[in-house]
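*Asks:* Let me see the structure of the following:
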Amino acid sequence: MTTNLSEAVNKVLKGARNMPITALVKCTYGRMVDYFVQRGQAAAREKAAGHIFCKKVIVATEKNVLLASAHIVRTYSIDRTRFEVEEGFNQRRHRNGYVWSLRLDNRTCECGRFQTFKYPCDHAIAACMHQSLDYWSLVDPVYTLQSILDAYQGQWYPIGNDLNMPPREGDRIVPDPSTARAKGRPRSTRIRNEMDLTEPQSSRRSVTLQR
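*Replies:* Residues are numbered from 1 along each chain as shown. I've put the predicted structure just below:
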């Protein structure tokens with residue numbers, strides 16, 4: 001939750017990090033255009049083929065359907081909103097599964113996956129199959145292809161030839177020679193987090209235990 005976003009951006013711009021600032025801005029702009037155009041066109045093709053949800057949630061839901069076929073469902077309300085779902089026999093671990101509490105009215109399951117990923121987990125699908133309910137109606141609208149198209153429909157414009165750009169007015173920015181990087185490995189400026197603070201302590205503790 002603290003470093004994944006920066007690592008994702010770092011991966012996208014990995015080949016442009018050492019470029020001059022102008023080339024870096026152009027590279028960032030070009031890669032954003034590629035992301036928007038390619039993913040928007042892919043969503044448009046899937047929607048034209050008659051699909052409603054994105055491929056990722058379809059694959060995950062089909063996997064949950066297979067798991068739900070072995071679950072045991074117990075109904076706890078006449079309005080078909082509260083259930084208890086017992087997982088079937090696990091062939092890999094050779095033991096019975098856990099028992100989970102489920103509520104379809106507020107789309108929550110005790111396992112935590114339903115409310116986290118915003119599409120029905122295998123326990124919710126098992127309850128829907130037991131009550132002949134449409135589990136696709138429990139998928140959040142954010143996974144619809146229309147929602148993806150809305151996210152990638154932003155308009156982009158070609159930069160054009162640099163020679164056609166109007167001249168800049170104002171003071172000219174000149175680099176300061178005193179801020180040039182010295183020889184040798186540069187000092188890290190990364191923000192330290194909890195993992196960095198605990199690593200030295202754990203390493204010292206392991207050395208003490210070995211002694």
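*Asks:* Domain ranges for the chain, per the record?
*Replies:* Segmentation of the chain into domains, based on automatic domain parsing, reads 12-50, 55-144.
*Asks:* Tell me which of those lies nearest to Pro186.
*Replies:* When the domains of the chain are ranked by distance to Pro186, counting by CB to CB, first place goes to domain 12-50 at 12.1 Å. (Glycine included, C-beta is placed from N, CA and C.)
*Asks:* before we move on, back to that, closest to Arg168 out of the domains of the chain?
*Replies:* Across the domains of the chain, Arg168 has its closest neighbour in domain 12-50 (12.2 Å, CB to CB).
*Asks:* The closest one: which residues count as buried?
*Replies:* Of the residues in domain 12-50, those with enough neighbours to count as buried (16 or more other CB atoms under 10 Å) are 16, 27, 36, 40, 43, 46-47.
*Asks:* pLDDT of that domain, averaged?
*Replies:* Domain 12-50 shows a mean pLDDT of 87.
*Asks:* Give me the pLDDT value at Arg187.
*Replies:* Confidence score, pLDDT, at Arg187: 75.
*Asks:* Kindly report the same for Thr179.
*Replies:* Residue-level confidence at Thr179 comes out at 82, pLDDT.
*Asks:* That one and Ser188, how far apart?
*Replies:* According to CB to CB, to the nearest Å, Thr179 and Ser188 sit 17 Å apart.
*Asks:* and what of Asn10?
*Replies:* The spacing between Asn10 and Ser188, counted by CB to CB, is 14 Å.
*Asks:* who has more neighbours, the two?
*Replies:* For Asn10 versus Ser188, the count of surrounding residues by other CB atoms under 10 Å is larger for Asn10: 11 against 7.
*Asks:* In terms of helices and strands, where is that one?
*Replies:* Following DSSP states H and E, one finds Asn10 within helix 4-12.
*Asks:* residues making contact with that helix?
*Replies:* For helix 4-12, the surrounding residues in contact (CB atoms under 8 Å, 6 or more residues apart in numbering) are 17, 31.
*Asks:* Would you mind finding the longest helix in this protein?
*Replies:* In the chain, ranked by residue count with DSSP state H as the criterion, the top helix is helix 21-48.
*Asks:* Need the phi and psi values for Asn164.
*Replies:* Dihedral pair for Asn164: phi -90, psi 0, per degrees, to the nearest 10.
*Asks:* Pipe the domains of the chain into JSON lines and attach distance to Ser6 per row.
*Replies:* As requested, the domains of the chain are arranged in JSON lines below (distance: least, CB to CB, whole Å):
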{"stretch": "domain 12-50", "distance to Ser6": "11"}
{"stretch": "domain 55-144", "distance to Ser6": "22"}
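*Asks:* Nearest to Arg172, out of those domains?
*Replies:* Distances from Arg172 to each of the domains of the chain were compared using CB to CB; the minimum, 14.5 Å, belongs to domain 12-50.
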